[in-house]
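> The following comprises the amino acid sequence and a computationally predicted model.
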Amino acid sequence: MYDVRSPRAEEFIDHAEVMATVQYAREHARDAALLDDILARAAERKGLNHRDASVLLACELPEKTEALYRLAQRIKLDFYGNRIVMFAPLYLSNHCINSCVYCPYHAKNRHIVRKKLTQEEVAREVIALQDMGHKRLALEAGEHPTMNPIEYILECIETIYGIRHRNGAIRRVNVNIAATTVEEYALLRKAGIGTYILFQETYHRQSYEKLHPVGPKHDYAWHTEAMDRAMQGGIDDVGLGVLFGLEGYRYEFAALLMHAEHLEAAYGVGPHTISVPRIKRADDIDPDMFDNGIDDATFARICACIRVAVPYTGMIVSTRESQAVREMVLPLGISQISGASRTSVGGYVAPEEPEENSSQFDVSDRRSLDEVVRWLMEQGHIPSFCTACYREGRTGDRFMALCKSRQILNCCHPNALLTLREYLEDYASPATRTLGLACIERELERIPGDKVRGRAREYLDRIAHGERDFRF
Ligand code: SF4
Ligand code: SF4
């Protein structure tokens, strides 16, 4: 029985409710009056429930779809402005006891080299990332109780936060590790992580169990209720995501929003971010094995629908997607992207080594961070290395309140300029620097208040003279 507040996965992601939603959406895909009504409510910028958003996703009327895209673009600018936050994944270990059939790190894959970074290797990877200009990382590790216990992850976090190399610093560490206990989530919180991210992979229970035949991840409820335990452990910023391509996308979309509604109803805080990965080729994995791949147009529509359904939730697209696809979806509501990612263990220190046999998935966008930063500016975005909220205690409901009232933009926009300026001073190529300085001058004029603009100018000047780490 569907119950949005229930602590039980089978009740807050009730299969019958998801199926009924998909059916309802299909039946109303050409219902112009209903679509207009939903779009009008979405324009109030308070979000949509999973049923209404699913109707938009199913919409078969081209002019309504166009209206959806226009609205997604406006909402994206209203809530996030034109900044795009940058991050990089850092793979710590590919030892894993699970059996996810879409991931080359699955326990039975004997082709790949298994590797776990020592603390010295973590430090070398982090210095390589700092030397590119990264300030925000997402830690990734397989599930392995003896090779990658929580103590190892905590030690890595301490190492990462402790490294200062030239002007480099990792200021925010997000963590993407297997579902765990309330006690271990509390330890992650104490270690100062930003967001805890866990992809659901698929919300369809039967498929989930088939795709994860053995290992602790086989337990659908344990995995799906992980965010509840994370919240109980004191982590108030959590990141959801499904791996599009494993199951029917309409099912995943409705269930993903039901998960967001559950967190909001049960804990008063919706997800901090939603990631939208699509299944990719990798060693031992052929995406054609899965029947539910989605084309680029459907992918764009999913992004637009998420944006209007949960305007206050950040949306992340990774280097799994090509430059062309990223260009298409960025204006539709993406707020964070990865850049210059390596998806193998130790891949930043030895970037010239081919990754194909040890990476978790093939990277489609292989450009350097400098190229990505320049490209973002050429597309009219401000690349941002901001990590301010977490460091200022703006997390969980405090963050959501600022985001829902759209005041967060007063921080995001100037912080984007400050951190871009740091990047230009310390890491940029001459061409990127020239473009970046012009971008900052132009964007400074768009800061509405004289006081904030004046302070931003002062901080920018001090950054140019060697000081670092200012924030609003
Ligand atoms: Fe292990 Fe994660 Fe890969 Fe599954 S997806 S095999 S849990 S590393
Ligand atoms: Fe993110 Fe907060 Fe920085 Fe905005 S001000 S970019 S929400 S950390």
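Happy to help now that I have it. Ligands and ions are numbered 1, 2, ... in the order given.
> hey, let's count contacts and neighbours off CA atoms from now on
Fine.
> What about residue 62, how many residues nearby?
10 (other C-alpha atoms under 10 Å).
> brain fart, residue 430
The number of residues near residue 430, taken as other C-alpha under 10 Å, comes to 10.
> do the same with residue 391
13.
> And the lowest mean pLDDT element among the helices and strands of this structure?
Least confident helix or strand of the chain, by mean pLDDT, DSSP states H and E, is helix 396-404 with a mean of 92.
> Next one: that helix, is it in contact with ligand 2?
No: on the criterion C-alpha under 6 Å from any ligand atom, helix 396-404 is out of touch with ligand 2, staying 7.7 Å away.
> Please list the outside residues in contact with that helix.
46, 79, 236, 237, 268, 269, 272, 311, 312, 389, 408, 409 (C-alpha atoms under 8 Å, 6 or more residues apart in numbering).
> Give me the neighbour count for residue 234.
17.
> Low-confidence regions, the protein specifically.
Counting by pLDDT under 70, the ranges of the chain that qualify are 351-357.
> Quick one: residues contacting the residue in the stretch 351-472 of the chain that ligand 2 sits nearest to.
The nearest approach of the stretch 351-472 of the chain to ligand 2 comes at residue 412, 3.5 Å away (C-alpha to the nearest ligand atom). Under the criterion of C-alpha under 8 Å, 6+ apart, the neighbours of residue 412 are 80, 81, 83, 386.
> out of the residues you listed, who has the most neighbours?
Highest neighbour count within these, by other C-alpha under 10 Å: residue 386, with 30 neighbours.
> In three-state terms, label that one for me.
Using DSSP: H, G, I helix; E, B strand; the rest coil, the structure places residue 386 in coil.
> ok, it touching residue 413?
No: using C-alpha atoms under 8 Å, residue 386 makes no contact with residue 413, being 9.6 Å away.
> Write out the residues of the chain neighbouring ligand 1.
Residues of the chain lying near ligand 1 (C-alpha under 6 Å from any ligand atom): 96, 98, 99, 100, 103, 105, 106, 142, 143.
> Taking those, tell me the two that lie furthest apart.
103 and 143 (12.5 Å; C-alpha to C-alpha).
> Which of the two has more residues huddled nearby?
More crowded of residue 103 and residue 143, by other C-alpha under 10 Å: residue 143, with 26 against 21.
> Which of the helices or strands spans that one?
Under DSSP states H and E, no helix or strand contains residue 143.
> what ranges do the strands span in the stretch 251-400 of the chain?
273-275, 314-317, 336-338, 382-384 (DSSP state E, counting those that start in this stretch).
> Enumerate every residue touching the residue nearest to residue 423 when sequence neighbours are not counted.
Nearest in space to residue 423, with sequence neighbours left out and distances taken as C-alpha to C-alpha, 6 or more residues apart in numbering, is residue 133 at 6.1 Å. By C-alpha under 8 Å, 6+ apart, the contact set of residue 133 is 168, 369, 423, 426, 427.
> Spatially central residue for this protein, please.
The residue lying closest to the centre of the chain (C-alpha atoms, centre = their mean) is residue 316, at 3.4 Å.
> which residues pair with it across the strands?
Beta bridges link residue 316 to residue 275, residue 336, judged by DSSP bridges.
> Could you measure from it over to ligand 1?
18 Å (C-alpha to the nearest ligand atom, to the nearest Å).
> I'd like the numbering to begin with 34 instead of 1 from here.
Shifting the count to begin at 34 puts that one at residue 349.
> Contact partners for that residue?
Taking C-alpha under 8 Å, 6+ apart, we find residue 349 in contact with 306, 307, 308, 309, 367, 368, 369, 370.
> Now for the first one, how many residues are close by?
Meaning residue 306. Neighbour count of residue 306, defined by other C-alpha under 10 Å: 23.
> doesn't residue 346 make contact with it?
Yes: counting by C-alpha under 8 Å, residue 346 is a contact partner of residue 306 at 5.2 Å.
> restrict the contacts of residue 445 to contacts with ligand 2.
Answer for these near ligand 2 (C-alpha under 6 Å from any ligand atom): residue 419.
> Farthest pair within the contacts of residue 445?
Most distant of these, by C-alpha to C-alpha, are 114 and 419, 13.7 Å apart.
> where's residue 104, which helix or strand?
Assigned by DSSP H and E, residue 104 belongs to helix 95-113.
> What residues of that helix count as buried?
The neighbour-count check on helix 95-113 (16 or more other C-alpha atoms under 10 Å) flags 97-98, 101-102, 104-110, 112-113 as buried.
> which outside residues touch that helix?
Contacts for helix 95-113 (C-alpha under 8 Å, 6+ apart): 65, 68-69, 72, 76, 78, 89, 92, 115, 334, 337-338, 340-341, 344-345, 364-368, 436-437, 439, 441-442, 445.
> Helices along the stretch 384-505 of the chain, start to end?
Here the stretch 384-505 of the chain has its helices, by DSSP state H, counting those that start in this stretch, at 402-411, 421-424, 429-437, 442-459, 463-477, 483-497.
> Check the stretch 184-333 of the chain too.
215-223, 238-244, 253-257, 259-265, 282-300, 329-342.
> looking at those, which is closest to ligand 2?
Evaluated over the helices of the stretch 184-333 of the chain, closeness to ligand 2 peaks at helix 329-342, with 15.4 Å, by C-alpha to the nearest ligand atom.
> Run a quick neighbour tally on residue 172.
When neighbours are counted by other C-alpha under 10 Å, residue 172 comes out with 22.
> so it bridges to which residues?
The bridge-partner assignment for residue 172, based on DSSP bridges, gives residue 123, residue 208.
> joint contacts of residue 136 and residue 176?
Joint contacts of residue 136 and residue 176 (C-alpha under 8 Å, 6+ apart) do not exist.
> need the contact list for the residue of the stretch 134-283 of the chain found nearest ligand 2.
Closest residue of the stretch 134-283 of the chain to ligand 2, C-alpha to the nearest ligand atom: residue 205 (9.2 Å). With contact set as C-alpha under 8 Å, 6+ apart, residue 205 has these partners: 168, 169, 170, 226, 227, 420, 423.
> how near is it to residue 224?
11 Å (C-alpha to C-alpha, to the nearest Å).
> what does residue 198 give?
In terms of C-alpha to C-alpha, residue 198 sits 21 Å off from residue 224.
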